[in-house]
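sequence? don't have it. structure:
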């Protein structure tokens with residue numbers, strides 16, 4: 001009888017080791033997969049390793065892409081840097097979402113966004129408002145908040161960029177109001 005108990009326990013031991021092996025393999029592969037990245041540091045490392053285009057391909061249409069877009073739209077400096085690094089690999093869809101996210105960041109981090117717009121051709125249209133989707137509060141509220149935030153930017157190095165942005169925001173706001181009417 002003891003021998004029989006040992007035989008039936010042996011397959012359980014093998015199964016437990018096999019299950020532990022599978023769990024470790026899955027955990028390690030998830031950590032190594034691009035879809036597992038959710039921080040600016042991790043996305044930045046992926047861009048350096050695989051390039052901007054492959055990083056977008058890896059993250060596109062995943063929760064991690066949504067995290068990236070939400071991070072950029074928050075105005076967080078680290079995510080804004082990622083937007084700048086990943087932009088060269090963007091295509092029409094990803095470029096549109098990155099532009100929307102940068103425009104959404106404008107009322108939250110106007111000086112940071114204006115600094116990017118000043119030095120990068122990619123973001124020159126940010127002050128025209130989101131090209132596709134406005135934030136949930138709508139276009140009128142977006143433009144009101146963006147105009148107020150940009151108007152408060154006091155850095156002398158951004159004065160000309162701020163003034164140009166305010167002009168664009170006013171034109172875009174009037175256009176959006178006419179379309180909403």
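Received the coordinates, thanks. What you see is a predicted model, and the numbers here were worked out from it, not measured in a lab. Numbers count the residues shown, from 1 in each chain.

give me the below-cutoff pLDDT ranges for the protein.
Within the chain, the ranges that satisfy pLDDT under 70 run 1-36.

residue contacts, residue 106?
Residue 106 is in contact with 75, 113, 126, 127, 146, 149, 150, counting by Cβ atoms under 8 Å, 6 or more residues apart in numbering. Glycine gets a C-beta too; all of them are placed from N, C-alpha and C.

phi, psi of the first one?
Listed backbone geometry of residue 75 is phi 90, psi 10, with angles given as degrees, to the nearest 10.

re the thing from before, would CSV of the contacts of residue 106 with secondary structure be doable?
Formatted as CSV, the contacts of residue 106 follow (DSSP: H, G, I helix; E, B strand; the rest coil):
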residue, secondary structure
75, coil
113, helix
126, helix
127, helix
146, helix
149, helix
150, helix
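
the closest residue to residue 176 other than its chain neighbours and residue 82, how far apart?
Of all residues not flanking residue 176 in the chain, residue 139 sits nearest, at 4.1 Å (Cβ to Cβ, 6 or more residues apart in numbering). Remark: distance between residue 139 and residue 82 (Cβ to Cβ, to the nearest Å) = 26 Å.

who has more neighbours, these two?
The residue with more neighbours, out of residue 139 and residue 82, is residue 82; 25 against 18, by other Cβ atoms under 10 Å.

show me what contacts the more buried one?
Contact analysis of residue 82 by Cβ under 8 Å, 6+ apart lists 40, 43, 44, 47, 68, 71, 72.

test my guess that the residue nearest to residue 176 contacts residue 180.
Yes - Residue 139 lies in contact with residue 180 (Cβ atoms under 8 Å); the separation is 6.3 Å.

any shared contact partners between those two?
Common neighbours of residue 139 and residue 180 (Cβ under 8 Å, 6+ apart) do not exist.

can you pull the buried residues of whichever strand or helix holds residue 66?
Following DSSP states H and E, one finds residue 66 within helix 63-74. Residues 64, 65, 67, 68, 69, 71, 72, 73, 74 are the ones in helix 63-74 that count as buried (16 or more other Cβ atoms under 10 Å).

what comes up buried for the helix or strand just after it?
Next in sequence after helix 63-74, counting helices and strands by DSSP H and E, comes helix 77-86. For helix 77-86, a neighbour-count test (16+ other Cβ under 10 Å) marks 79, 80, 81, 82, 83, 84, 85, 86 as buried.

can I get the residues you listed in JSON lines with distance to residue 133?
Shown next, in JSON lines, are these (distance: Cβ to Cβ, whole Å):
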{"residue": "79", "distance to residue 133": "18"}
{"residue": "80", "distance to residue 133": "19"}
{"residue": "81", "distance to residue 133": "23"}
{"residue": "82", "distance to residue 133": "20"}
{"residue": "83", "distance to residue 133": "16"}
{"residue": "84", "distance to residue 133": "21"}
{"residue": "85", "distance to residue 133": "23"}
{"residue": "86", "distance to residue 133": "19"}
